[in-house]
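A.B. asks: Predicted coordinates and the sequence they were generated for:
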2 protein chains.
Amino acid sequence: MLKVRIRGLAIDQTNTPVVILETEKSDKGFGIWIGRFEAESLAIAVSGKEFPRPLTYDLLLNCLTSLGATIEKAIIHSIEDDVYHASLYLTKENGETITIDARPSDCLVLAVKSSFPIYVEEEVFEQSAIDLQKLGEDYPEHTTKKGNNEEFKQFIENIQVEDFKRYLRRKDDDSDEDKT
Amino acid sequence: MLKVRIRGLAIDQTNTPVVILETEKSDKGFGIWIGRFEAESLAIAVSGKEFPRPLTYDLLLNCLTSLGATIEKAIIHSIEDDVYHASLYLTKENGETITIDARPSDCLVLAVKSSFPIYVEEEVFEQSAIDLQKLGEDYPEHTTKKGNNEEFKQFIENIQVEDFKRYLRRKDDDSDEDKT
């Protein structure tokens, strides 16, 4: 398994948010297409902004805390029909570990809020990953709607989750990248 | 306490969703302004539509089930700064009851999915409730953007959560109605 972290958030040409995950020890990474709400929740979580009332993910975490459970980790373990599948690993009050089927997007928001690690199975990573360093050079046709390669490269390097912009990272010639 | 149920969903003039709650034993009810995501989740839950992957609220409920906890009820107990506050009542595996601070919108989605009752404290209800039967007659200026009283009355009577329409139920002369 490989530990991954969030490199950034983008929005593709169809206005669908993409979260870009990268390994800590290489320049390789991959994108997961997620829902708009989950993307907004992720951006809010990363920004650290607090709200007077508990949002849905806060409610989930508050329920777990009140029940004496903690989330140990999440693992993105497989791809089925172009959709990434993950599991949350919870430790119960009595020390027992249980796994819960989950979408990667939910795992990522919870991980940012609750500081647990996210892993991806190597097989899944190998199937999806590209060299993020080469993005601006290798995929000139997949840069931005109105920008250029350099702009996209800078976007990937200095991505700001607060200001969603319309960027494209899809590789038309590699459907492995096109996961939702 | 009064048991309430969802009468329907509407969208006000500012495009903010409103969930209309009514008591089971009277024609009185009130509206709670909620977030767009929570409104969509509520509409999906009411429709009974199922998705191949667990949505965020499914994940929350799956976590509770896996931890042996059940939601007994939710109570909308107060209004602070024009915002309704609620509590979820959970029963732990060992029979202990715990309460979790929650937004009414989250409680409502979970209630539809998990079939637990929603109550409102009488004081809160009295402060907010109006006679839903009189809507079309008493509030002619607060009907629809492009419709008429009869249309709004029919909307309230036969509300369909699937097709959100731009209706208004706000009473400008009664700020008690204007809760978010």
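C.D. replies: Arrived safely, thanks for sending. Numbering: from 1, shown residues only, chains lettered A, B, ... in the order given.
A.B. asks: Quick check: residues of chain A near chain B?
C.D. replies: Within reach of chain B by CB under 8 Å from any CB of the partner chain, chain A has these residues: A:37-38, A:40, A:52-57, A:59-60, A:62-64, A:66-67, A:69, A:83, A:85, A:88, A:90, A:92, A:98, A:100-103, A:106. C-beta coordinates here come from the backbone N, C-alpha and C atoms, glycine included.
A.B. asks: In chain A, where is pLDDT below threshold?
C.D. replies: A:13, A:134-180 (pLDDT under 70).
A.B. asks: Kindly recompute the last result at 50.
C.D. replies: Residue ranges of chain A with pLDDT under 50: A:136-180.
A.B. asks: which stretches of it form helices?
C.D. replies: Along chain A, the stretches classed as helices by DSSP state H are A:36-47, A:56-66, A:104-114, A:122-128, A:135-138, A:149-157.
A.B. asks: Export the ones you listed to CSV and append columns for distance to B:I130 and mean neighbour count.
C.D. replies: Listed next are the helices of chain A as CSV, based on distance: least, CB to CB, whole Å; neighbours: other CB atoms under 10 Å in any protein chain shown:
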stretch, distance to B:I130, mean neighbour count
helix A:36-47, 31, 20
helix A:56-66, 29, 20
helix A:104-114, 37, 24
helix A:122-128, 54, 16
helix A:135-138, 57, 16
helix A:149-157, 50, 16
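A.B. asks: what's the closest of those helices to B:D131?
C.D. replies: Evaluated over the helices of chain A, closeness to B:D131 peaks at helix A:56-66, with 32.4 Å, by CB to CB.
A.B. asks: what packs against the closest one?
C.D. replies: Counting contacts by 3 or more CB pairs under 8 Å, 6 or more residues apart in numbering or on different chains; DSSP states H and E, helix A:56-66 is packed against helix A:36-47, helix A:104-114, helix B:56-66, strand B:83-91, strand B:97-102.
A.B. asks: tilt between the third one and helix A:36-47?
C.D. replies: For helix B:56-66 against helix A:36-47, the angle between stretch directions is 70 degrees (axes from the mean of the first three to the mean of the last three CA atoms, to 10 degrees).
A.B. asks: Repeat that for the shortest one.
C.D. replies: Computed by the same axes, to 10 degrees, the angle separating strand B:97-102 from helix A:36-47 equals 90 degrees.
A.B. asks: Give me the most central residue, chain A.
C.D. replies: Closest residue to the average C-alpha location of chain A: A:V19 at 4.2 Å, with CA atoms, centre = their mean.
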